[in-house]
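*Asks:* Provided below are the primary sequence and the corresponding predicted coordinates.
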Amino acid sequence: MKDIPLINLNKTLRETINEINESGFGLAFIVDDKKRLKGVVSDGDIRRALLNGISINDKVFKVMNKNPIKFYDYWDRGKIIKNIERLKKENK
């Protein structure tokens with residue numbers, strides 16, 4: 001299995017689907033030219049967008065989640081668990 005793909009926000013949905021399919025993860029991180037995270041898109045997000053009339057040739061930034069939940073590699077286990085619990089309460 002490959003790494004979770006990093007997709008430039010100006011790539012098309014077709015290109016993104018190909019990368020997601022090759023990775024086997026079912027999602028991709030959407031980044032700008034400096035590799036800064038701008039969003040996340042899943043294969044389900046793309047499927048729903050296509051069903052709602054978005055073209056497979058449209059840019060991925062049109063359907064990405066622009067506010068993904070972020071965790072940082074320098075966080076210890078306790079901080080991660082605390083944030084997961086907080087998010088569970090906030091989002092029921």
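*Replies:* Alright, I've got the coordinates.
*Asks:* what's the neighbour count on the nearest residue to E19 once chain neighbours are set aside?
*Replies:* Using Cβ to Cβ, 6 or more residues apart in numbering and skipping residues adjacent in sequence, the residue nearest E19 is P5, 4.0 Å away. (Each C-beta comes from the backbone N, C-alpha and C, glycine too.) As a burial measure, P5 scores 21 neighbours (other Cβ atoms under 10 Å).
*Asks:* how close does P5 get to K89?
*Replies:* 32 Å (Cβ to Cβ, to the nearest Å).
*Asks:* and if you look at N65?
*Replies:* The spacing between N65 and K89, counted by Cβ to Cβ, is 20 Å.
*Asks:* for K11, same thing?
*Replies:* In terms of Cβ to Cβ, K11 sits 36 Å off from K89.
*Asks:* my guess is V41 contacts V60. True?
*Replies:* Yes. V41 lies in contact with V60 (Cβ atoms under 8 Å); the separation is 5.8 Å.
*Asks:* stretch 48-59 - what's its average pLDDT?
*Replies:* Here stretch 48-59 scores 96 as its mean pLDDT.
*Asks:* extract the CA atoms of the helix ranked longest in the chain and return them as PDB.
*Replies:* Counting by DSSP state H, the longest helix found in the chain is helix 77-91. Written as PDB, here are the backbone C-alpha positions of helix 77-91 (Å, rounded to 0.1, in the frame of the first residue of the first chain):
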ATOM      1  CA  ARG A  77      -1.000  10.100  23.200                       C
ATOM      2  CA  GLY A  78      -2.800  11.900  26.000                       C
ATOM      3  CA  LYS A  79      -3.300  15.100  24.100                       C
ATOM      4  CA  ILE A  80      -4.600  13.100  21.100                       C
ATOM      5  CA  ILE A  81      -7.100  11.200  23.200                       C
ATOM      6  CA  LYS A  82      -8.200  14.400  24.900                       C
ATOM      7  CA  ASN A  83      -8.900  16.100  21.600                       C
ATOM      8  CA  ILE A  84     -10.800  13.000  20.200                       C
ATOM      9  CA  GLU A  85     -13.000  13.100  23.300                       C
ATOM     10  CA  ARG A  86     -13.600  16.800  22.900                       C
ATOM     11  CA  LEU A  87     -14.500  16.400  19.200                       C
ATOM     12  CA  LYS A  88     -16.900  13.500  20.000                       C
ATOM     13  CA  LYS A  89     -18.800  15.700  22.500                       C
ATOM     14  CA  GLU A  90     -18.900  18.700  20.100                       C
ATOM     15  CA  ASN A  91     -20.000  16.600  17.200                       C
END
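*Asks:* brilliant, that's me finished.
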